[in-house]
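Enquirer: sequence below, structure please.
(one chain, ligands or ions: 2)
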Amino acid sequence: MNPYLDIAPEVKKALEEGRPVVALESTIISHGMPYPQNVETARNVEAVIRENGAVPATIAVIGGRLKAGLTPEEIVYLGKNGPAVTKTSRRDLPVLVAQGRDGATTVATTMIIAHLAGIQVFATGGVGGVHRGAQKTFDISADLEELAHTPVMVVCAGAKSILDLGLTLEYLETHGVPVIGYGTEELPAFYTRRSGFRVDYRLNTPQEIARAFYVKQDMGLGGGMLVTNPIPQEYAMDYETINRAIDEAVVEAARLGIHGKETTPFLLAKIKDLTGGDSLESNIHLVYNNACLAAKTAAELSRLG
Ligand code: PSU
Ligand code: MN
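Expert: Numbers count the residues shown, from 1 in each chain. Ligands and ions are numbered 1, 2, ... in the order given. The predicted structure is shown next:
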């Protein structure tokens, strides 16, 4: 086993017995939602995974150790400390580990640690992508590069239109990452079921999704797969309202010169301010919805592998 990695006993046992495990990220806890909703959501999402037959493994860096599976105390710690915990993408990992520090893992880093632990399925809310204006800023999330290379399936609710969704899809195509729509031909845009962009393939069951991922690995292609799961209709936001807030947030970020790793957390916080609690409520429910699909898909995958 990787000498920097700690796998929680329950997760280790499930993996050894070939039972389904679903990874969860921690940037969503420390940077994606306010306290105490972040801790409550992190707990509930683990419960949803259990109810659907899999074992949850929330991932973070604690005291310089790569953790696959956190204790309830560690989740509270990440939630209470919020943005004081370093947002950790691939490039941050070596220094944090070398210095024995804590880190909240992004999609990219959660994929890395999940893969080290032997976990193939990961549920989250939204993924990073190509930012609007990336032609000038070069701001492309390391999440996309990780999807290109690391063999972990990421179940999300699509991507927010804080990103340039068209360019994000182009990037994924170039890197050979299949973008799957669960029961939909249209790429969901996180808060809304629609975006105006098409996914590569519509698959209608967890079994079909598991099979496609299994075959990708079995063929030796490696790399990840992006499964986009539309937010349940009852929690979806009004298309115009949310996009007005997103446009305003993007303009504000540019005006204030926000850049680098601050961009995504800034935009997410600003959108939440502009839309009151509505977007937070939607965010929480789509994460549960993704956890449910991820657990069922992990169960199907464990039957194949
Ligand atoms: N997008 C969201 N919610 C999130 C994130 C992105 O809608 O919480 C977080 C995830 O952890 C994602 C990270 O991996 O932000 C991407 O950050 P960046 O764009 O800096 O790579
Ligand atoms: Mn970025």
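Enquirer: from here on, just use CA atoms for contacts and neighbour counts.
Expert: OK.
Enquirer: ranges for the helices of the stretch 201-305 of the chain?
Expert: Per DSSP state H, counting those that start in this stretch, the stretch 201-305 of the chain carries helices over the ranges 206-218, 239-255, 263-275, 278-304.
Enquirer: most packed of those helices?
Expert: helix 278-304 (a mean of 22; mean count of other CA atoms under 10 Å).
Enquirer: other SSEs contacting that one?
Expert: The contact analysis (3 or more CA pairs under 8 Å, 6 or more residues apart in numbering; DSSP states H and E) places helix 278-304 against strand 21-24, helix 37-51, strand 121-123, strand 153-156, helix 206-218, helix 263-275.
Enquirer: what comes into contact with the fourth one?
Expert: To tie it back to what came earlier, the one meant is strand 153-156. 120-127, 213, 224-229, 287, 290-291, 293-294 (CA atoms under 8 Å, 6 or more residues apart in numbering).
Enquirer: what pairs with that strand, parallel or antiparallel?
Expert: strand 121-123 (parallel), strand 225-228 (parallel) (DSSP bridges).
Enquirer: looking at those, which one is packed in the most?
Expert: Scoring those by mean count of other CA under 10 Å, the most buried comes out as strand 121-123, with a mean of 29.
Enquirer: elements contacting the very next helix or strand once past that strand?
Expert: Following strand 121-123 in sequence order, the next helix or strand is helix 134-137 (DSSP states H and E). Applying 3+ CA pairs under 8 Å, 6+ apart, one finds that helix 134-137 contacts no other helix or strand.
Enquirer: does helix 134-137 reach ligand 1?
Expert: No - for a cut-off given as CA under 6 Å from any ligand atom, helix 134-137 has no contacts with ligand 1; the smallest distance is 11.6 Å.
Enquirer: buried residues of that helix, list them for me.
Expert: For helix 134-137, burial by neighbour count (16 or more other CA atoms under 10 Å) applies to no residue.
Enquirer: could you list the residues in contact with that helix?
Expert: In contact with helix 134-137 (CA under 8 Å, 6+ apart) are residues Ile140.
Enquirer: average pLDDT for it?
Expert: For helix 134-137, mean pLDDT rounds to 94.
Enquirer: using CSV, write down the CA coordinates of whatever helix or strand comes next after it.
Expert: Next along the chain after helix 134-137, taking DSSP H and E as the criterion, comes helix 142-149. As requested, the backbone C-alpha atoms of helix 142-149 are provided in CSV (Å, rounded to 0.1, in the frame of the first residue of the first chain):
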residue,chain,number,x,y,z
ALA,A,142,-7.0,20.3,-12.9
ASP,A,143,-10.1,18.1,-12.5
LEU,A,144,-10.2,17.7,-16.3
GLU,A,145,-6.6,16.5,-16.5
GLU,A,146,-7.3,14.0,-13.7
LEU,A,147,-10.4,12.7,-15.6
ALA,A,148,-8.1,12.2,-18.6
HIS,A,149,-5.6,10.0,-16.7
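Enquirer: close to ligand 2, is helix 142-149?
Expert: No - shown here: helix 142-149 not in contact with ligand 2 (CA under 5 Å from the ion), separated by at least 7.2 Å.
Enquirer: just checking, what packs against that helix?
Expert: Short answer (3+ CA pairs under 8 Å, 6+ apart): helix 142-149 packs on helix 107-117, helix 165-174.
Enquirer: nearest residue to Gly64 other than its sequence neighbours?
Expert: The shortest distance from Gly64 to any non-neighbouring residue, by CA to CA, 6 or more residues apart in numbering, is to Gly100 (3.6 Å).
Enquirer: hmm, back to that, so of the helices and strands packed on helix 142-149, which one's packed in deepest?
Expert: helix 107-117 (a mean of 25).
Enquirer: pLDDT (mean, whole number) over that one?
Expert: 98.
Enquirer: ok, stretch 86-104 next?
Expert: Mean predicted confidence for stretch 86-104 is 98.
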